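Chemist: Model the structure of this input:
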Amino acid sequence: MKSEEGKRYALLLAAADSEYAKKVYGGYFNVFVGAFGEEGQTWDLYRVVEGEFPNMEELDKYHGFVVSGSPYDAYGNDMWILKLCYLLQILDAMQKKVLGICFGHQVLCRALGGRVGKADGGWDIGLRKVMMVEDMPPCKFLDGLEDIPPCVSIIECHQDEVWEVPPGAEVIAISEKTGVEMFTIGDHMLGIQGHPEYTKDILCNLIDRLLINNSIEVGFANDAKATLEAGEPCREFWEKICKSFLKGDNS
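Modeler: A predicted model of the protein is given here:
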């Protein structure tokens, strides 16, 4: 196992911190580093949703990047979203590790030539079972993981989805609700539609906020919360996947 000492990572945060996340976790940055970070690593925060981006000449000092979820549409044309797409194209050309989560998964797809949009089935919120595809393409970050289950639970919260993966991408997981739950491009790009970093309480608070601003209805919110009461997300499995991907080499 190679040491993580000296490896540097950047979180590209595409959402403002909720009051709950700030109060309980000190912000989403701590949620992500707590889930994906390891001893010896250095993590930096760039609030891309506020127009804060790493300088181009600094990109090479990072071993990997994580793009967070967001309330914004990955197919939107806000200036920061277009700038993020350009950055992701640069990182792809540099063969840098990029992990996209939810919105990050979708914007990564868009930036590299895929298609994203509103999900035909509407919102997907709660605990959902994700199936790994049967003919799994070779994935270096899965090599060290033993007994990969065919079906794993993850927390979901999205109303957009990947319609078509970019050229050269491989779909590696699906669900009954969403056709592209995970995709890879080579060994340097990984998109995950669900939220491996989320805890149940984070999602419950988010459901309450969506209810308050009339984004979802009471019955739907109750059904979503019921899925959380009925099972547990496989957080350990997802964190292992994300950590293995981020710290791996592309060679």
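Chemist: What is the neighbour count of F237?
Modeler: Other residues within reach of F237, judged by other CB atoms under 10 Å, total 17. All C-beta spots, glycine's among them, are computed from the backbone N, C-alpha and C.
Chemist: all helices in the protein, in order from the N-terminus.
Modeler: Assigned by DSSP state H, the helices in the chain fall at 19-25, 28-36, 79-93, 103-111, 140-143, 200-212, 218-230, 235-247.
Chemist: which helices and strands does the last one pack with?
Modeler: The criterion is 3 or more CB pairs under 8 Å, 6 or more residues apart in numbering; DSSP states H and E, and the helices and strands that helix 235-247 contacts are helix 28-36, strand 64-67, strand 97-101, helix 140-143, strand 151-158, strand 189-192.
Chemist: Pretty sure G126 sits against H158.
Modeler: No: G126 is beyond contact range of H158, at 11.2 Å (criterion: CB atoms under 8 Å).
Chemist: wait, what's in contact with V133?
Modeler: 171-174 (CB atoms under 8 Å, 6 or more residues apart in numbering).
Chemist: hmm, back to that, in terms of mean pLDDT, which of the helices and strands packed on helix 235-247 ranks lowest?
Modeler: Ranked by mean pLDDT, the helices and strands packed on helix 235-247 end with helix 140-143 at the bottom, a mean of 83.
Chemist: just to revisit the earlier point, okay if I get the helices and strands packed on helix 235-247 as CSV plus mean neighbour count and distance to A226?
Modeler: Converted to CSV, these look like this (neighbours: other CB atoms under 10 Å; distance: least, CB to CB, whole Å):
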stretch, mean neighbour count, distance to A226
helix 28-36, 20, 24
strand 64-67, 25, 30
strand 97-101, 26, 24
helix 140-143, 16, 32
strand 151-158, 20, 14
strand 189-192, 27, 24
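Chemist: of the ones you listed, which approaches E239 most closely?
Modeler: helix 28-36 (5.4 Å; CB to CB).
Chemist: now that closest one, how far from the chain's geometric center?
Modeler: 12 Å (CA atoms, centre = their mean, to the nearest Å).
Chemist: cool, stretch 88-107 as well?
Modeler: Put simply, stretch 88-107 sits 10 Å off its chain's centre (CA atoms, centre = their mean).
Chemist: same check, this time on stretch 176-194
Modeler: Between the centre of stretch 176-194 and the centre of its chain there are 9 Å (CA atoms, centre = their mean).
Chemist: what does the average pLDDT come to for stretch 244-251?
Modeler: Confidence over stretch 244-251 (mean pLDDT, whole number) is 81.
Chemist: Can you give me the buried ones in it?
Modeler: 244-248 (16 or more other CB atoms under 10 Å).
Chemist: before we move on, the earlier item: will you turn the helices and strands packed on helix 235-247 into JSON lines that also has distance to D201?
Modeler: What follows is the helices and strands packed on helix 235-247, written out as JSON lines (distance: least, CB to CB, whole Å):
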{"stretch": "helix 28-36", "distance to D201": "11"}
{"stretch": "strand 64-67", "distance to D201": "21"}
{"stretch": "strand 97-101", "distance to D201": "18"}
{"stretch": "helix 140-143", "distance to D201": "28"}
{"stretch": "strand 151-158", "distance to D201": "11"}
{"stretch": "strand 189-192", "distance to D201": "20"}
